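Asks: I would like the atomic coordinates for the input below:
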Amino acid sequence: MAIAQHLPIYKQAGALAKLVADLVKNWRRDFKRTLGDKVLNECLDVSILIFRANTASGQQRVDFIQQTLERIQIVELMLRLAADLMLVTPEQHGTAIKITDDIGRQATGWKRNAATSPAV
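Replies: The predicted structure follows:
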């Protein structure tokens, strides 16, 4: 078991949370505390789930990874809404989606590996 903070997926999750925190600072007041807080909390939950998956084993690890994948999809949905509301530029949205795609790819591979590994 690697230290969670050294995992590439964990670093990407941190980068996503930092990006979202920076973006939300510039949102209009009516969306900053509603949509902004929700998307940032989801990003933070992704980091927590990655940590929990790293410390778990067997089916519990697979479950945490699945929750991570679900949260990433929720973040993507909220970012799409932010783009539709013109709270973020297309470039900012694209940067965030690249990170979420990378996290999703890593989590999917990790889930596949965890599902086939014997429980420790």
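
Asks: Going by C-alpha atoms from here, please, whenever you check contacts or count neighbours.
Replies: Noted.

Asks: For this structure, which segments count as helices?
Replies: 8-24, 29-31, 37-55, 58-84, 90-116 (DSSP state H).

Asks: Could you check the angle the last one makes with helix 58-84?
Replies: Read it as helix 90-116. For helix 90-116 against helix 58-84, the angle by axes from the mean of the first three to the mean of the last three Cα atoms, to 10 degrees is 170 degrees.

Asks: Now do helix 90-116: which elements does it pack against?
Replies: Applying 3 or more Cα pairs under 8 Å, 6 or more residues apart in numbering; DSSP states H and E, one finds that helix 90-116 contacts helix 8-24, helix 58-84.

Asks: Any regions of this protein where pLDDT drops low?
Replies: For the chain, the stretches with pLDDT under 70 are 1-5, 119-120.

Asks: again, 80 this time
Replies: Low-confidence segments of the chain (pLDDT under 80): 1-6, 117-120.

Asks: tell me, how many neighbours does the nearest residue to residue 63 once chain neighbours are set aside end up with?
Replies: Distances taken as Cα to Cα, 6 or more residues apart in numbering place residue 53 nearest to residue 63, at 8.0 Å, with adjacent residues excluded. Counted with other Cα atoms under 10 Å, the neighbours of residue 53 add up to 25.
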